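>>> Predicted structure and sequence below. I'll ask about it afterward.
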Amino acid sequence: MPGMKRNAIAAALLPLLLPGAPGVLAADFNACVKALRGEAAAQGITRRTFDEAMAGVEPDRSVLDAMDNQPEFTAPVWDYLAGLVDEQRIADGRARLAEWASVLADVERKFGVDGPTITAVWGVETDFGRSMGGRPLVRSLATVSCFGGRQRLFRGELIAALRILQDGDVAAGDLTGSWAGAFGQTQFMPTAFQKSAVDFDGDGRRDIVGSVPDALASTANFLMRAGWTDGQPWGYEVRLPANYSGPSGRRARQALAAWSRLGIRQADGTALAGSGLAALLLPAGADGPAFLVFGNFNALISYNASVSYALAIAHLADRLRGAGPFRTPWPTDDPGLSRAERREVQELLIARGFDVGEADGIIGARTRAAIKAFQASAGLPEDGRAGGKVLAALRASARNR
Ligand code: CA
């Protein structure tokens, strides 16, 4: 979701949680839409574009529910990585790399971003276009343009979305996305679209929803503009000396020689390699996997302001290139689950009579409640988390029935 910090969005929407009578909401909305019409007109949106796009649009309170599920801020980092970089996504990504090889080669020539990195963004953002989000973008953005604490910011997004329609880049019926306004194969915010989207298949439209070449090239263009340097690594896993207590974090950047003096080596034991300043990231502390990251990692962060997110992209790209899993395990005895394993948890819960809805591999509020109920019945700590221990307990109880 380039162009917007997800935690900023959550904070912006908090005032919407306040109860309010629907009638008052509707009256406020109508007055707000009237003001938006004038604001849009001042920025070159025609009355026709505005009225067609806004016809029948009502505020969408369900954006509030969607706010609760932002995994990179709530789940342990190993859950996040296990779901985003699983065997299925690696296999799917390799198939997409082969399918789009010639387009990706052209994209790399033009924008200087490699195919595995672009494909990894595609896989993490929408599972290669399978889940682009079905909420009408204009409705979502009109809602947050009229309610909540960041209306000014979202009005810019709404007007950028209206410009997409006015320019004919994406058809109105295709302009759907996440509750916060990210859309398309690689989930651009509308203002990011206006800055970075390109027409790569040459049909005159920048269609990051319907055209994979447009989406892949637009993603590469975004990363290029964010400072991506072709041929440089994002970083790599490293090995720390015992009891490491030196600097870490994205801001503590040093030359490789300084990291070497602290006793840090590549994960396979060889000397540090690469050029430029590097930062040491310890996403789960000094007992978990450690990474030295370079400037390209910051370009990934600018796509979505989360270290876990950038690490998922970076690691998936490496796996698409044939690399293996991290050498250092996550410091937990209850590891994260792949999407296939999450579906298995749900299927086993269903078989035991717990209500999880559909076994779709997405651990939402219903699945978490069912896991808690199962944990209570099995005498396990009730944290509602879908992890390795819960899966093992469910498998064991299925065998014993
Ligand atoms: Ca196009």
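Great, that's in hand.
>>> Share the number of residues neighbouring the residue in the stretch 51-200 of the chain that the ion sits nearest to, please.
Proximity of the stretch 51-200 of the chain to the ion (CB to the ion) peaks at Asp199, 4.0 Å away. To be clear about C-beta, it is placed using only N, CA and C from the backbone, and glycine gets the same treatment. As a burial measure, Asp199 scores 17 neighbours (other CB atoms under 10 Å).
>>> and the closest residue to it other than its chain neighbours, how many neighbours?
Using CB to CB, 6 or more residues apart in numbering and skipping residues adjacent in sequence, the residue nearest Asp199 is Arg206, 4.8 Å away. Neighbourhood size, Arg206 [other CB under 10 Å]: 25.
>>> Checking my notes, Arg206 in a strand, right?
No. According to DSSP: H, G, I helix; E, B strand; the rest coil, the state of Arg206 is coil, so it is not within a strand.
>>> who touches the lengthiest helix in the chain?
Taking DSSP state H as the criterion, the chain has its longest helix at helix 22-42. Contact partners of helix 22-42, identified using CB atoms under 8 Å, 6 or more residues apart in numbering, comprise 47, 49-51, 54, 57-59, 142, 145-147, 155, 158-159, 162.
>>> Now do the contacts for Pro325.
Arg319.
>>> element containing it?
Element membership for Pro325, per DSSP states H and E: none, as it lies in no helix or strand.
>>> Look at it and report its pLDDT.
With respect to pLDDT, Pro325 has a value of 97.
>>> cool, and Leu13?
As predicted, Leu13 sits at a pLDDT of 47.
>>> same deal with Glu344?
At Glu344, the model reports a pLDDT of 98.
>>> can you list the residues of the protein near the ion?
Asp199, Asp201, Asp203, Arg205, Asp207, Ser211, Asp214 (CB under 5 Å from the ion).
>>> Narrow those residues to those that are buried.
Asp199, Asp201, Arg205, Asp207, Ser211, Asp214 (16 or more other CB atoms under 10 Å).
>>> So the first one belongs to a strand, correct?
Think Asp199. No. According to three-state DSSP, Asp199 belongs to no strand; its state is coil.
>>> residue contacts, it?
Contacts here follow CB under 8 Å, 6+ apart; on that basis Asp199 touches Arg205, Arg206, Asp207, Asp214.
>>> ditto for the third one
Contacts of Arg205 were listed using CB under 8 Å, 6+ apart, and they are Gly168, Asp169, Val170, Asp199, Ser211, Asp214.
>>> The third one and Gly210 touch, don't they?
This means Val170. Yes. With contacts defined as CB atoms under 8 Å, Val170 counts as touching Gly210 at a distance of 7.5 Å.
>>> Between those two, tell me which one has more neighbours.
Counted by other CB under 10 Å, Val170 and Gly210 do not tie: Val170 has more neighbours, with 26 against 16.
>>> what pLDDT does that one get?
We have a pLDDT of 97 for Val170.
>>> what packs against the helix or strand immediately after the longest helix of the chain in the chain?
Using DSSP H and E, the helix or strand that directly follows helix 22-42 along the chain is helix 47-54. For helix 47-54, the packing partners by 3 or more CB pairs under 8 Å, 6 or more residues apart in numbering; DSSP states H and E come out as helix 22-42, helix 137-146, helix 151-167.
>>> buried ones in the longest helix of the chain?
Buried, per 16+ other CB under 10 Å, within helix 22-42: Leu25, Phe29, Cys32, Val33, Leu36, Ala40.
>>> And stretch 334-347, by the same measure?
Asp334, Pro335, Gly336, Leu337, Ser338, Arg339, Glu341, Arg342, Arg343, Glu344, Val345, Gln346.
>>> cool, and stretch 279-299?
Neighbour counts over stretch 279-299 (16+ other CB under 10 Å) mark 279-284, 288-299 as buried.
>>> coming back round to it: let's have the contacts of Arg205 in CSV, adding distance to Asn221.
Shown next, in CSV, are the contacts of Arg205 (distance: CB to CB, whole Å):
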residue, distance to Asn221
Gly168, 20
Asp169, 14
Val170, 17
Asp199, 11
Ser211, 14
Asp214, 10
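>>> between those, which is closest to Ala376?
Val170 (47.5 Å; CB to CB).
>>> how much space is there between the closest one and Gly364?
The gap separating Val170 from Gly364 is 29 Å, by CB to CB, to the nearest Å.
>>> Now list the buried members of the contacts of helix 22-42.
Neighbour counting by 16+ other CB under 10 Å classes 49-50, 54, 57, 59, 142, 145-147, 155, 158-159, 162 among those as buried.
>>> Identify the farthest-apart pair in the residues you listed.
Across these, the longest distance by CB to CB is 22.8 Å; it joins Thr49 and Phe147.
>>> And the contacts of helix 22-42, which two are furthest apart?
Longest span within those, CB to CB: Arg47 and Phe147, 24.0 Å.
>>> Would you enumerate the residues in contact with Asn247?
Let me fix one detail, which is that residue 247 is Pro and not Asn. By CB under 8 Å, 6+ apart, the contact set of Pro247 is Gln254, Leu280.
>>> And the one 3 residues further on, by the same measure?
The neighbourhood of Arg250, defined by CB under 8 Å, 6+ apart, consists of Ala279, Leu281, Val293, Asn298, Ile301, Val307.
>>> Among these, which lie within strands?
Those of the contacts of Arg250 mapping onto strands are Ala279, Leu281, Val293, per DSSP state E.
>>> can you put these in JSON lines and add pLDDT?
JSON lines is the format used below for these (pLDDT from 0 to 100):
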{"residue": "Ala279", "pLDDT": "98"}
{"residue": "Leu281", "pLDDT": "98"}
{"residue": "Val293", "pLDDT": "98"}
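>>> ok, Ala351 to Ala378 distance?
On the measure of CB to CB, Ala351 and Ala378 end up 14 Å apart.
>>> Check Glu125 too.
Going from Glu125 to Ala378 by CB to CB gives 36 Å.
>>> Among the two, which residue is more densely surrounded?
Per other CB under 10 Å, whichever of Glu125 and Ala378 has more neighbours is Glu125, with 28 against 13.
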